[in-house]
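J.: sequence plus predicted model, see below.
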Amino acid sequence: MKILVVDDEKLLVKGTKYNLEQEGYEVVTAFDGEEAVHLAHDESISLILLDLMLPKMDGLAVCRAVRGFSDVPIIMLTAKSEDIDKILGLEYGADDYITKPFNIREVTSRIKAILRRVNPAPKTDSSMVVSGDLTLDYNFRRVLINGRVIELTGKEFDLLELFVKHPGKVYTRENLLDIAWGFDYPGDVRTVDVHIRRLREKVEENPAEPKYIMTKWGVGYYYKKD
């Protein structure tokens, strides 16, 4: 697994690189946004640790640019504690965020959890579910709408897979946060709402009137099988 660490604080990058290499990861580094985009495009990257405040291109711009050609998992690193920065990171396609200063053990734990989700153990036989014009391919972790591949982030696929496997079951935001992010995840339920909105924008013909991912008002979300 190759991890791209992007931050203009060279000492932080050096320490993070050392610790990740001790965990067995290959690490490449970038110190500005433009370099990060080039490396993400040219290298076979498994995950990106991306600082929010960067020279040349900030982290949000980098995240948006990378999402134009890759669904590689992105963890935003930010010294800001305001909720709006975290929400913006998720809106731009980040899978997770960590506020600096951070404990390197927390970082490695988050990385392992995300990589386990986006790189499941290989399966030998195909497993697909077809619901209306939506096809979910578990083996290749991809979604097709009317035969067209829809690019989802790892977290978006996790949520859709959970819904499709349990049609009609209503999940509260707290349920989804625990299942998809983990019991020790420090975020709040707004994280779920952001991901559901982005998922609807990708799989629903009209996100304002969804036919797959439904809202149970006052309770949570569920999947309506077509």
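T.: Noted; the coordinates are in hand.

J.: pLDDT value on I98, please?
T.: I98 carries a pLDDT value of 86.

J.: that one against M76, yeah?
T.: Yes: between I98 and M76 there is a contact under CB atoms under 8 Å: 7.3 Å. C-beta coordinates here come from the backbone N, C-alpha and C atoms, glycine included.

J.: neighbour count: the two, which is higher?
T.: M76 (26 against 17; other CB atoms under 10 Å).

J.: element containing the more buried one?
T.: Under the criterion of DSSP states H and E, M76 resides in strand 74-78.

J.: strand partners of that strand, parallel vs antiparallel please.
T.: strand 47-51 (parallel), strand 96-99 (parallel) (DSSP bridges).

J.: so which of those strands is the most packed in?
T.: Among the strands paired with strand 74-78, strand 47-51 has the highest mean neighbour count (mean count of other CB atoms under 10 Å), at a mean of 26.

J.: could you look up the next helix or strand downstream of that one?
T.: Toward the C-terminus from strand 47-51 - assigned by DSSP H and E - lies helix 59-67.

J.: now tell me which helix or strand of the protein has the poorest mean pLDDT.
T.: Lowest mean confidence among the helices and strands of the chain (mean pLDDT, DSSP states H and E): helix 83-91, at a mean of 68.

J.: need the strands paired with strand 74-78 in JSON lines (columns: distance to G154).
T.: Below are the strands paired with strand 74-78 laid out as JSON lines (distance: least, CB to CB, whole Å):
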{"stretch": "strand 47-51", "distance to G154": "9"}
{"stretch": "strand 96-99", "distance to G154": "10"}
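
J.: please identify which of these is closest to D178.
T.: Across these, D178 has its closest neighbour in strand 96-99 (14.9 Å, CB to CB).

J.: contacting residues around the residue nearest to the spatial centre of the chain?
T.: What sits nearest the mean C-alpha location of the chain, by CA atoms, centre = their mean, is D95, with 2.5 Å. Going by CB atoms under 8 Å, 6 or more residues apart in numbering, D95 touches 73-75, 114, 153-155.

J.: tabulate these (TSV), appending distance to D188.
T.: Below are the contacts of D95 laid out as TSV (distance: CB to CB, whole Å):
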residue	distance to D188
P73	20
I74	20
I75	17
I114	19
T153	19
G154	20
K155	15
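
J.: just among those residues, which is most surrounded?
T.: I74 (30 neighbours).

J.: lovely, talk soon.
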